[in-house]
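Q: I would like to see how this sequence folds:
(chains A and B)
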Protein chains: 2
Amino acid sequence: MATPQDNLLDWLRDAHAMEQQAEKMLEAQAERLQHYPQLRARIAQHIEETRGQQQLLASCLERLGSSPSTIKDLSAKLVAFGQGMAGMTVSDEVVKGAMAGYVFEHMEIASYTILIAAAKAVGDLQTQRACEQILPQEVAMAEWLQQHLPEITEAFLARSAAPDTQAKR
Amino acid sequence: MATPQDNLLDWLRDAHAMEQQAEKMLEAQAERLQHYPQLRARIAQHIEETRGQQQLLASCLERLGSSPSTIKDLSAKLVAFGQGMAGMTVSDEVVKGAMAGYVFEHMEIASYTILIAAAKAVGDLQTQRACEQILPQEVAMAEWLQQHLPEITEAFLARSAAPDTQAKR
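A: Below you'll find the predicted structure:
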């Protein structure tokens, strides 16, 4: 048995940990990308957004008498996700990386969809508004990746088929 | 250095392994769900679709002189994903499970988006058509989950707050 408030607080902590993991993953990707400047620039933009999202979530947690420092162990679970995705980043790193980013964005979209429903159920308007502010940033990043997946794939295939050309990142 | 055909074949094998993993994950979810019959029914429908997708992909692989049995080790990597998600299925199993399903659908959507671009680059119309046939099924499942996430969350919160009521699945 748990109150809706308990669940909301748990999910807010999960979301904060998720955004920390997102920041790490995006930073690692941006650092490694060499031949795909448009993708790199979009990731750099989203890193800034991600940091702002962490602050929004932290202020919700503090208002509710909790704090990001009491984050439960979602991070460890997300590491498994990151490792699984990282394990894919082999010869076609840029393609699998864009895919991993797209997938992670949808984990975030699902999380904020759930958080908005929970905040509504609890009647916590401030948390609802914070999540409604974050959600469109995740949707925009996901849409950008989906729209650019075909051209990233084409660019990778062309570089991959050319001699003496590094294609993977 | 790899030809577009090499990459296409690799990605087709990945997609077949991914659909095998999807079938396992969906079967496990459907089997465990007790109090969310609508979600369970939609998952059951998608299990059937997933089996049809496996056959479509297998026939593409066979036509290209490969076979699903030579599948490379994506499965092992996906297991990490599955475990990461499974690790989340604690007291709020139904919510995290729906979220995991939604996230996995987007891995599939990204894969078929990439495969369609690759099949076009190679000029493999039959593979392109097969993937274009599968993609809308994944999109429909993802949309269904997104639309139902709020009500699944609300139902979970209500059950979770009630005494003597099992909420998690």
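Q: hey, let's count contacts and neighbours off CA atoms from now on
A: Noted.
Q: who are the neighbours in contact with residue A:157?
A: A:167, B:3-4, B:7, B:118 (C-alpha atoms under 8 Å, 6 or more residues apart in numbering or on different chains).
Q: how far away is residue A:146 from residue A:95?
A: Noted for residue A:146: a distance of 12 Å to residue A:95, by C-alpha to C-alpha, to the nearest Å.
Q: and these two? which has more neighbours close in?
A: residue A:95 (27 against 19; other C-alpha atoms under 10 Å in any protein chain shown).
Q: pretty sure residue A:131 contacts residue A:115?
A: Yes: with contact defined as C-alpha atoms under 8 Å, residue A:131 counts as touching residue A:115 (7.0 Å).
Q: just to revisit the earlier point, closest to residue A:39 out of the contacts of residue A:157?
A: Ranked by distance to residue A:39 (C-alpha to C-alpha), these are led by residue A:167 at 14.0 Å.
Q: and the helix or strand where residue A:134 lies, how far out from the chain's middle?
A: Using DSSP states H and E, residue A:134 maps to helix A:125-161. Taking C-alpha atoms, centre = their mean, to the nearest Å, the mean C-alpha location of helix A:125-161 is offset from the chain mean by 9 Å.
Q: same check, this time on stretch A:29-40
A: That offset, for stretch A:29-40, works out to 17 Å (C-alpha atoms, centre = their mean).
Q: touching chain B at all, it?
A: No: among the residues of stretch A:29-40, none lie within reach of chain B under C-alpha under 8 Å from any C-alpha of the partner chain; the closest is 15.5 Å away.
Q: list the buried residues in that stretch.
A: In terms of neighbour count (16 or more other C-alpha atoms under 10 Å in any protein chain shown), stretch A:29-40 has its buried residues at A:29-30, A:33, A:35-36, A:39-40.
Q: what about that stretch, start to end distance?
A: 8 Å.
Q: cool, stretch A:155-168 as well?
A: 10 Å.
Q: off-centre distance for it?
A: 28 Å.
Q: helix or strand right after the lowest-mean-pLDDT helix or strand in chain A?
A: Lowest mean confidence among the helices and strands of chain A (mean pLDDT, DSSP states H and E): helix A:74-88, at a mean of 54. Using DSSP H and E, the helix or strand that follows helix A:74-88 in sequence is helix A:93-122.
Q: what angle sits between that following helix and helix B:93-122?
A: Between helix A:93-122 and helix B:93-122, the angle comes out at 150 degrees (axes from the mean of the first three to the mean of the last three C-alpha atoms, to 10 degrees).
Q: and helix A:93-122, what does it pack against?
A: helix A:4-32, helix A:74-88, helix A:125-161, helix B:93-122, helix B:125-161 (3 or more C-alpha pairs under 8 Å, 6 or more residues apart in numbering or on different chains; DSSP states H and E).
Q: show me where pLDDT drops low in chain A?
A: Residue ranges of chain A with pLDDT under 70: A:69-90.
Q: which residue, other than its chain neighbours, is closest to residue A:134?
A: Counting by C-alpha to C-alpha, 6 or more residues apart in numbering or on different chains, residue A:134 lies nearest to residue A:53, which is 6.3 Å off, once chain neighbours are set aside.
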